[in-house]
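Engineer: A structural model of the following input is requested.
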Amino acid sequence: MRNFFAIWRRELAACFLSPIAYVTMVFFLIASGSTFLVGAVKNVGNNVFLTSLLFAAIVMWLTILISIVSMRLFTEEIRAGTIEVLMTAPVTETEVVLGKYAGAVTFVLFVVAPAVGNIYLLAAMSPAVGPVDTGAVVGGCLIIFMVTSFCMSMGLLVSLLTRNQIAAAISCLCLIWLTLFLGNIVAAFPFMSPKLVAYLSVLSHVDDFSRGSIDTRPLVLYLSGTVFMIFTAVRVLESRRWK
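Structural biologist: This next block holds a predicted model:
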């Protein structure tokens, strides 16, 4: 566990020491906040949950944030040649993968946290908004955490399989968007069950959780997907040791 925490701190420090990280952070907060505000203004008088608008905006821009953060996880190590030094250290492949993964997820959650406060800021500035539904906010935060965990695991695996950061970012972004609209893609086939479509629809999960309707089935889906991606990444890293 000591090695895991050491790699976690190392990866988290690398994120905060990168100027690109701060540019991405500012861009994400401005973009997600503006998208939420525009959606709230357009839906004035409509029966739309503000929490749904908030977390939909966060998820939309979260795709870019995760792609940028994950693209450097292993590609930078491979490019700089430090991956060989890291693998000769007294650490296991599992500790390396989990440490880097945990550092990246922690950084993304740190960036996303202020964006959640936009709904409280809007409620304070506009009394017509009324009190914020804390349960809906908690549900939205839970699904954001699960989606972030799953998408970051995909980004980590892509970074491990790619030698170029730009290629890793583009590939990760495409995979994440494919995941977001997987339910819509499956729905295009007439023989697909509506229950399967609903089960695979990430956007529907975000909307349901941000309304306070929490279902354990999507949580199992994201958790199992995350475990599978991390397991695959560990096996890929193990194969590099024997090359």
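
Engineer: What are the boundaries of the helices in this structure?
Structural biologist: Assigned by DSSP state H, the helices in the chain fall at 2-17, 19-42, 50-70, 75-80, 82-88, 93-116, 118-125, 134-161, 165-180, 182-187, 194-200, 202-209, 216-241.

Engineer: Helix or strand with the lowest mean pLDDT in the chain?
Structural biologist: helix 82-88 (a mean of 67; mean pLDDT, DSSP states H and E).

Engineer: Need the residue closest to the centroid of this structure.
Structural biologist: Compute the mean C-alpha point of the chain, and by Cα atoms, centre = their mean the closest residue is residue 148, 2.3 Å away.

Engineer: quick one: that residue and residue 59 touch, right?
Structural biologist: No - with contact defined as Cβ atoms under 8 Å, residue 148 does not reach residue 59; the gap is 9.2 Å. From N, CA and C alone the C-beta is placed, and that goes for glycine too.

Engineer: low-confidence ranges in the chain?
Structural biologist: Along the chain, the model assigns pLDDT under 70 to residues 1, 45, 80-89, 128-130, 186-188, 191-194, 196-198, 240-243.

Engineer: how much space between the residue nearest to the centre of the chain and residue 203?
Structural biologist: Distance of residue 148 to residue 203, computed by Cβ to Cβ, to the nearest Å: 15 Å.

Engineer: Show me which residues of stretch 6-16 are buried.
Structural biologist: For stretch 6-16, the neighbour count (16 or more other Cβ atoms under 10 Å) marks 7-8, 11-12, 14-15 as buried.

Engineer: just curious, which of these is nearest to residue 43?
Structural biologist: Nearest to residue 43 out of those is residue 15 (Cβ to Cβ; 34.7 Å).

Engineer: wait, residue 234 sits on residue 95?
Structural biologist: No - Residue 234 is beyond contact range of residue 95, at 9.6 Å (criterion: Cβ under 8 Å).

Engineer: Residue 95 contacts residue 3, doesn't it?
Structural biologist: Yes - Residue 95 is within contact range of residue 3, at 4.6 Å (criterion: Cβ under 8 Å).

Engineer: Between those two, which has more neighbouring residues?
Structural biologist: It is residue 95, of residue 95 and residue 3, that has more neighbours when counted by other Cβ atoms under 10 Å, with 20 against 16.

Engineer: Can you tell me how far the more buried one is from residue 152?
Structural biologist: Applying Cβ to Cβ, the value for residue 95 to residue 152 is 17 Å.

Engineer: Over to residue 134?
Structural biologist: From residue 134 across to residue 152, the span is 26 Å (Cβ to Cβ).

Engineer: With residue 171 instead?
Structural biologist: To residue 152, residue 171 is 14 Å away according to Cβ to Cβ.

Engineer: that older thread, which one of residue 134 and residue 152 has more residues nearby?
Structural biologist: Shown here are residue 134 and residue 152; by other Cβ under 10 Å, residue 152 has more neighbours (30 against 10).

Engineer: Tally up the residues packed near residue 93, please.
Structural biologist: That count, for residue 93 with other Cβ under 10 Å as the rule, works out to 17.

Engineer: Once you drop chain neighbours, what's closest to it?
Structural biologist: Nearest residue to residue 93, sequence neighbours excluded (Cβ to Cβ, 6 or more residues apart in numbering): residue 237, at 4.4 Å.

Engineer: Wait, residue 182 touches residue 200, no?
Structural biologist: Yes - with contacts counted by Cβ under 8 Å, residue 182 reaches residue 200, the gap being 4.9 Å.

Engineer: These two: who's more crowded?
Structural biologist: residue 200 (20 against 15).

Engineer: Settle this for me: residue 90 is touching residue 3, isn't it.
Structural biologist: Yes - checked against Cβ under 8 Å, the pair residue 90 and residue 3 is within contact range at 7.3 Å.
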